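**Student:** Quick one, what's the 3D model for this:
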Amino acid sequence: MKKQLLQLSGILLMTVQLSFAQGWTELTSGTNQNLYGVQFPSADIGFVYGDAGLYKTSNAGDSWQETGSLTAPYPCYFSSIQTGYTITANGVEKSTDGGANWTPGYVPLDVLAWDMYFVNDNLGYVCGFMNSNSEASFMKTTDGGDNWIESGISGAMDGISVFFTSADTGFVSGGSGIFKTTDGGNSWTNHVTGSNNFSAADIHFPTSNIGYACGSGDNGETIYKTTDAGANWTLLSNPFISNPLLGIFFTSVDTGYVVGGNGINSGTLIQTVDGGSTWTMSYNTSVTLNAVYFTSPHTGYAVGENGTIYKYSSSTGISEVSSSPLISIYPNPVTNTLTIETATAQGIYQLQDITGKVLLSGSVTATKLNLDISALSKGIYLLSLIDGEQQVNRKIVKE
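**Tutor:** As a prediction, this is how the structure comes out:
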């Protein structure tokens, strides 16, 4: 196994060097019917849903059990480990006990729902299309699903995916582009138009400014990126254009995964570690995958046809080694500015808190990089430097 070393400037140190074992494995779901969505409100508790109903795990996917006695719940969203929402033939249903029991509530007047997103237990959004005219539809609740407001999105043909970066700012993607609102859905503007005829199947924002969308267009199966909160979108280069792209999730501004498939005998599971500049095959599968979700940069799930659930996990073997001039990180402890010096000026970095949440990330493009961490609270953080198949982690103390 290749080794890479860390050095703190001016002081003697021992470093943490990580050899990564990572990959996707198939889990036993308990059903052979198609799965369309996956979500984990916590690291261990997660839900998948599809034609057979709703399935729950309480041990990070080691085992799954059908729960709730729901018939084809779609879509489904858990705003917490206890509170969940779905739409069935009975209308909007809500659970307050982790999916065990569901109470029917509001019945949409003119909406066929495709996706839902909750900012918190009370504020939620649903997108779909109107049965009356096939225009994209939008529903909003501010009281935990007791009442809903229905409206259309002018100029949008379908509402396939919805994602909100704040209570008022959100996006609906569908058959005629990506629409943005900054007033909680009262008004919408289309930010992806033109000759590409982009039909977005899914959308995800790892930060309020940086977002990604996957779908189909004149250029084949396509992926778009925004760096200015959805005002402008750039078409990314993607060599995997033969299969429809159906789901997308980014664990940081640079690292993300896209899934899809042709529904017959070819699946897609690709990844990027440089913000979409390049894409590689993350896992070779013949199964069409409909959705992907990560609970941390090191743990993720993908679901699809025939009850398929794949789990991604990366484990580390840790050993202490002597200091070396290859990489220098200083000062540590640090108050305001953390400096990284490398010999190669390549790769990516991530700074996480102790829960695994990514706070800072980006590309290493120079031999010296200064990170402003003055806004972070005092405590212990983990800095990861990734270069190809090598990853080095360093514990950082913020004072």
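**Student:** and Asn147, how many neighbours does it have?
**Tutor:** By other Cβ atoms under 10 Å, 11 other residues sit near Asn147. Every C-beta, even on glycine, is put in place using the N, C-alpha and C of the backbone.
**Student:** Go ahead and report the secondary structure state at it.
**Tutor:** Using DSSP: H, G, I helix; E, B strand; the rest coil, the structure places Asn147 in coil.
**Student:** Grab the nearest non-local neighbour of it.
**Tutor:** Distance criterion Cβ to Cβ, 6 or more residues apart in numbering; nearest residue to Asn147, sequence neighbours excluded, is Thr141 at 6.3 Å.
**Student:** With Ile87 instead?
**Tutor:** Nearest one to Ile87, counting by Cβ to Cβ, 6+ apart, is Ala113 at 4.6 Å.
**Student:** What residues are bridge-paired with that neighbour?
**Tutor:** Ala113 has these beta-bridge partners by DSSP bridges: Gly128.
**Student:** correct me, but it touches Met130?
**Tutor:** No: look at Ala113 against Met130 with Cβ atoms under 8 Å: they stay out of range, at 11.0 Å.
**Student:** any residues in contact with both of those two?
**Tutor:** Counting by Cβ atoms under 8 Å, 6 or more residues apart in numbering, the residues touching both Ala113 and Met130 are Ser137.
**Student:** What segments of the stretch 251-399 of the chain are strands?
**Tutor:** Secondary structure of the stretch 251-399 of the chain (DSSP state E, counting those that start in this stretch): strands at 256-261, 267-272, 280-281, 289-296, 299-304, 309-321, 327-330, 337-342, 348-352, 358-363, 368-372, 379-387, 390-398.
**Student:** Next secondary structure element downstream of the helix or strand hosting Gly37?
**Tutor:** Using DSSP states H and E, Gly37 maps to strand 35-39. Using DSSP H and E, the helix or strand that follows strand 35-39 towards the C-terminus is strand 46-50.
**Student:** excluding its backbone neighbours, what's nearest Ile149?
**Tutor:** With Cβ to Cβ, 6+ apart, the residue lying closest to Ile149 is Lys140, at 5.0 Å.
**Student:** That should have said Gly275, apologies.
**Tutor:** That would be Asp254: by Cβ to Cβ, 6+ apart, it lies 4.5 Å from Gly275.
**Student:** How about Ile178?
**Tutor:** Per Cβ to Cβ, 6+ apart, closest to Ile178 is Val192, 4.4 Å.
**Student:** That neighbour: neighbour count?
**Tutor:** 24.
**Student:** Provide a list of residues in contact with the residue most central in space within the chain.
**Tutor:** The geometric centre of the chain, computed from its C-alpha atoms, lies nearest to Phe249 (Cα atoms, centre = their mean), at 2.8 Å. By Cβ under 8 Å, 6+ apart, the contact set of Phe249 is His204, Gly256, Tyr257, Val292, Tyr293, Phe294, Gly300.
**Student:** make it 10 Å
**Tutor:** Going by Cβ atoms under 10 Å, 6 or more residues apart in numbering, Phe249 touches 38, 202, 204, 206, 212, 255-259, 291-294, 300-302.
**Student:** Equivalent analysis for Ser154, please.
**Tutor:** Here Ser154 is in contact with Glu135, Ala136, Phe179, Ser187, Trp188, Thr189, Asn190 (Cβ under 10 Å, 6+ apart).
**Student:** what's the domain layout of this structure?
**Tutor:** 15-21+319-398, 22-316 (automatic domain parsing).
**Student:** mean pLDDT for these: which is lowest?
**Tutor:** When those are compared by mean pLDDT, domain 15-21+319-398 comes last with a mean of 72.
**Student:** Please compute how far that one lies from its chain's middle.
**Tutor:** Taking the mean of its C-alpha atoms, domain 15-21+319-398 sits 23 Å from the chain's own mean (Cα atoms, centre = their mean, to the nearest Å).
**Student:** before we move on, what about stretch 264-275?
**Tutor:** The answer for stretch 264-275 is 14 Å, by Cα atoms, centre = their mean.
**Student:** Quick check: bridge partners of the residue nearest to the centre of the chain?
**Tutor:** Tyr257.
**Student:** And Val334, by the same measure?
**Tutor:** Here Val334, judged by DSSP bridges, has bridge partners Lys398.
**Student:** Please apply the same query to the one 5 residues further on.
**Tutor:** Each beta-bridge partner of Thr339 is listed here, defined by DSSP bridges: Tyr330, Asn370.
**Student:** ditto for Thr88
**Tutor:** On the basis of DSSP bridges, Thr88 takes part in beta bridges with Gly91.
**Student:** hang on, isn't it packed against Thr103?
**Tutor:** No: counting by Cβ atoms under 10 Å, Thr88 stays clear of Thr103, with 11.7 Å between them.
**Student:** who's more crowded, the two?
**Tutor:** Thr88 (17 against 11).
**Student:** Please tell me how far the more buried one sits from Phe47.
**Tutor:** 15 Å (Cβ to Cβ, to the nearest Å).
**Student:** Also Leu376?
**Tutor:** Applying Cβ to Cβ, the value for Leu376 to Phe47 is 32 Å.
**Student:** and what of Ser361?
**Tutor:** Ser361 is 27 Å from Phe47, by Cβ to Cβ.
**Student:** So for these two, which sits in the more crowded spot?
**Tutor:** Higher neighbour count among Ser361 and Phe47: Phe47, with 26 against 23, using other Cβ under 10 Å.
**Student:** What is the neighbour count of Gly184?
**Tutor:** When neighbours are counted by other Cβ under 10 Å, Gly184 comes out with 18.
**Student:** Which element, helix or strand, includes Asn209?
**Tutor:** Assigned by DSSP H and E, Asn209 belongs to neither a helix nor a strand.
**Student:** List the contacts of it.
**Tutor:** Per Cβ under 10 Å, 6+ apart, neighbours of Asn209: Thr165, Thr226, Thr227, Asp228, Ala229, Gly230, Ala231, Val253.
**Student:** From these, which land in strands?
**Tutor:** Using DSSP state E, the members of the contacts of Asn209 that fall in strands are Thr226.
**Student:** out of the contacts of Asn209, which is most surrounded?
**Tutor:** Gly230 (27 neighbours).
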